[in-house]
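# Below is the structure, and that's it, no one-letter string:
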């Protein structure tokens, strides 16, 4: 059978979204956005989610996913704003999902201690919630450096995500990066191979840019350049450890017709 070229929808979120939106057009826009995210079209997903909240200003999960899509294109301000809007509009949701939105807002604000505490409590109360485990992993992976601790502390959380949802491509890509940093080449190859089983190389490469964190470089331009021109592959991006590789990768991806 041909490989499924799209990342599957987060099922628990999809079920809550279907029941928490007050209008059918808003729900349709939300599910269109999820398809865009699964195909690596993050900007298109943001546009669809903006349409969803225009149709239904209280659609908290649309803001929540908008925050995530904005983060994936490197729009940190947009991610923070959408996460805060999700918290403000979460009255229709139960305590579980209101807490999930609050944890995400803390993470987007860079509050690693608050985010870790909130997500840890969620994983204790809802141990099968893959989104809570993923949020915990994201917090530790991207924010641990602010307190001088390694990103590899996120490994157990991402492993738990994959145990709950073997097709969670974003968790697999994060795990590949962690194994590269740990120097475990066999596990690095295994996680990267798993990710490629469930989605396209293009999406893996776009997620690799998010996971590699090109500090000081416009990731949105990098993603556009990588999508249009090819450039450095996901394997090289995820495997790089030396800081100077960041500039080398940026030079390769920012071609002359893409302003650097």
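It's in. Worth saying up front: this structure is predicted, and the values here are computed from it rather than measured.

# Show the contacting residues for residue 213.
When contacts are counted by Cβ atoms under 8 Å, 6 or more residues apart in numbering, residue 213 is found next to residue 142. Where C-beta positions appear, they are placed from N, C-alpha and C, glycine not excepted.

# State the distance from it to residue 22.
37 Å (Cβ to Cβ, to the nearest Å).

# Same question for residue 253.
Taking Cβ to Cβ as the measure, residue 253 falls 42 Å from residue 22.

# Can you pick out the residue with more neighbours from those two?
residue 253 (26 against 12; other Cβ atoms under 10 Å).

# Surely the more buried one touches residue 222?
Yes: with contacts counted by Cβ atoms under 8 Å, residue 253 reaches residue 222, the gap being 5.1 Å.

# I'd like to check what contacts stretch 131-149. Which residues are they?
Here stretch 131-149 has contacts from 10, 12-13, 100, 103-104, 107, 110, 112-113, 115-116, 119-120, 122-123, 126, 150-151, 153-154, 157-158, 160-161, 164, 168, 170-171, 174, 178, 211, 213, using Cβ under 8 Å, 6+ apart.

# Show me what the helix or strand where residue 236 lies is packed up against.
In this assignment (DSSP states H and E), residue 236 forms part of helix 234-239. If you count contacts as 3 or more Cβ pairs under 8 Å, 6 or more residues apart in numbering; DSSP states H and E, helix 234-239 packs onto helix 169-182, helix 185-198, helix 201-212.

# how many other residues sit next to residue 24?
Using other Cβ under 10 Å, residue 24 has 10 other residues around it.

# Please apply the same query to the one 10 residues further on.
For residue 34, the tally of surrounding residues (other Cβ under 10 Å) stands at 22.

# Ok, residue 244 next?
8.

# Quick check: it vs residue 251, distance?
Taking Cβ to Cβ, one finds residue 244 at 11 Å from residue 251.

# Show me where the stretch 1-150 of the chain has its helices.
11-20, 24-38, 42-55, 60-72, 76-88, 95-108, 112-125, 130-143 (DSSP state H, counting those that start in this stretch).

# For the stretch 1-150 of the chain, give me the ranges with low pLDDT.
Counting by pLDDT under 70, the ranges of the stretch 1-150 of the chain that qualify are 1-11.

# One more pass at 80, please.
1-15, 18 (pLDDT under 80).

# quick one: stretch 95-104 to chain centroid distance?
Stretch 95-104 sits 17 Å away from the centroid of its parent chain (Cα atoms, centre = their mean, to the nearest Å).

# Correction: the previous question concerned stretch 208-217.
12 Å.

# Please apply the same query to stretch 190-200.
Worked out by Cα atoms, centre = their mean, stretch 190-200 lies 16 Å from the chain centre.

# Then stretch 19-39?
17 Å.

# Now residue 72: closest residue in space that isn't a chain neighbour?
residue 42 (4.7 Å; Cβ to Cβ, 6 or more residues apart in numbering).

# circling back to that earlier point, just name the most buried of the helices and strands packed on helix 234-239.
Highest mean neighbour count of those: helix 169-182, a mean of 25 (counted as mean count of other Cβ atoms under 10 Å).

# outside of it, which residues touch it?
7, 134, 137-138, 141, 150-152, 154-155, 158-159, 161-162, 165, 185, 187-188, 191-192, 194-195, 198-199, 203-204, 207-208, 211-212, 234, 238-241.

# try 7 Å this time
With Cβ atoms under 7 Å, 6 or more residues apart in numbering as the test, helix 169-182 has contacts from 7, 134, 137, 141, 151-152, 154-155, 158-159, 161-162, 187-188, 191-192, 194-195, 198-199, 203-204, 207-208, 211-212, 238-239, 241.
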